[in-house]
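S.K.: make a model of this:
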Amino acid sequence: MPTPVEVFLSYSHKDERLLQKLRNHLAPLEQRGFVAAWHDRRIMPGEDWERAISAQLGQCRIILLLISDNFIASDYCNGVEVKTALEKHATGEARVIPIVLSDVA
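M.R.: Residues are numbered from 1 along each chain as shown. A predicted model of the protein is given here:
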């Protein structure tokens, strides 16, 4: 079985329904061991959520940005996750792929 590529899913909690749809589309790739998708709903109760997110961003090779008006309005998505993602993309550590969920104009 191949070593899965770590994928970080960055999204607004207000778009959780759309996150689930994306996870359904990624499921065949996860089942075959090609990718391991991670999102913040995998954080265990009592776990330091900021540390968990930082650790996952640090080790992922692909970062999917689920862009919506909710995502654009989120201070955390833009201030932390997008900033880190773009830094990793610039150094070649990860690929950043924006996925437009809704019109943001």
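
S.K.: okay, buried residues for the longest helix along the chain please.
M.R.: Across the chain, the longest stretch assigned as helix under DSSP state H is helix 16-31. By neighbour count with 16 or more other C-beta atoms under 10 Å, helix 16-31 contains the buried residues 18, 19, 22, 26. For every residue, glycine as well, the C-beta is placed using N, CA and C.

S.K.: surely residue 36 and residue 5 touch.
M.R.: Yes - here residue 36 lies in contact with residue 5, judged by C-beta atoms under 8 Å, at a distance of 7.2 Å.

S.K.: residue ranges of the helices in this structure, please?
M.R.: Using DSSP H, the helices of the chain run over 16-31, 49-59, 69-73, 75-76, 83-91.

S.K.: indicate which one of the ones you listed is closest to residue 41.
M.R.: Ranking the helices of the chain by proximity to residue 41 (C-beta to C-beta) places helix 16-31 first, at 7.8 Å.

S.K.: counting by contacts, list what the closest one packs against.
M.R.: Judged by 3 or more C-beta pairs under 8 Å, 6 or more residues apart in numbering; DSSP states H and E, helix 16-31 is in contact with strand 5-10, strand 35-38, strand 62-67.

S.K.: nothing else from me, thank you.
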